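[1] Got a sequence here, can you build the structure:
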Amino acid sequence: MAALSNPPTIRIGVLAGEPIRLEGLSTVFEEEPETGRPRLVSVVGTLPELLADTKLDYLVVDFNSSDEGMKTLEAAKRARPGIRQIVIGPAHDDELVLDAITAGARAYLYSSADPHTVRMAIDIVVSGSIWAPRKLLSRLIDRLLGVPVSGSGGLGALQLTARERQVLDLILLARSNREIARQLGIEERTVKAHVGRLMRKAGAENRIELSIKALNSRSIFPVGPEEKAGD
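    This next block holds a predicted model:
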């Protein structure tokens, strides 16, 4: 019972050059988390200070406070390849969004995003996925297909159930879990389970990597003869 009343705490570094921006971002961490969601605690500091903190696995980088946003993103990736970065930057600059995700950011949020949306994006990143404007997902996948992928670069002849293949096809169309559930007539939690199994089978960390491997594969997940569609 004690574990249920005390959700896990995740420390997240926040890098913003302007005090007013820091104050605005801090509101994301003030709300009590919903049941079952981790508590977020912000850690403010300079980039060297934050990267030196080995207990930080996540970093929020505010592109609006500096013209060196991309350099900061790349420097953090070089110093701490495993740290997951969340970028908050200007809207209406699709190339900047694509550059940031390609450079390693796990999320790109517009400056106009409200605290609830920022919190939602952080939860998505913590869960191992990527948050990006949906309208850019297709272009993002096309761009990443030109980037060398570690390993064999494809999925090989992994066996999928018919339902998993249906879910994969909709992921490639950038559908959300809710949209997939509605289209297939199943529960959203069932979709999440299918997505989790797909990523484990493909050895992918997130939906973008799963999509890239699927698109890169010569033999994309044939359905096993003994398997049939089902929830």
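
[2] Scan the helices and strands of the chain for the one with the lowest mean pLDDT.
    The helix or strand of the chain with the poorest confidence is helix 2-5; it has a mean of 50 (mean pLDDT, DSSP states H and E).

[3] From the contact counts, what lies against the helix or strand following that one?
    Counting by DSSP states H and E, the next helix or strand C-terminal to helix 2-5 is strand 9-15. If you count contacts as 3 or more Cβ pairs under 8 Å, 6 or more residues apart in numbering; DSSP states H and E, strand 9-15 packs onto helix 19-26, strand 39-44, helix 47-52, strand 58-62. Glycine gets a C-beta too; all of them are placed from N, C-alpha and C.

[4] now those as a markdown table including mean neighbour count, distance to Leu168 and mean pLDDT?
    Below are the helices and strands packed on strand 9-15 laid out as a markdown table (neighbours: other Cβ atoms under 10 Å; distance: least, Cβ to Cβ, whole Å; pLDDT from 0 to 100):
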| stretch | mean neighbour count | distance to Leu168 | mean pLDDT |
| --- | --- | --- | --- |
| helix 19-26 | 14 | 36 | 72 |
| strand 39-44 | 15 | 31 | 85 |
| helix 47-52 | 15 | 36 | 92 |
| strand 58-62 | 24 | 28 | 91 |
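
[5] Using a markdown table, lay out these together with distance to Met199.
    A markdown table is the format used below for the helices and strands packed on strand 9-15 (distance: least, Cβ to Cβ, whole Å):
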| stretch | distance to Met199 |
| --- | --- |
| helix 19-26 | 30 |
| strand 39-44 | 24 |
| helix 47-52 | 28 |
| strand 58-62 | 20 |
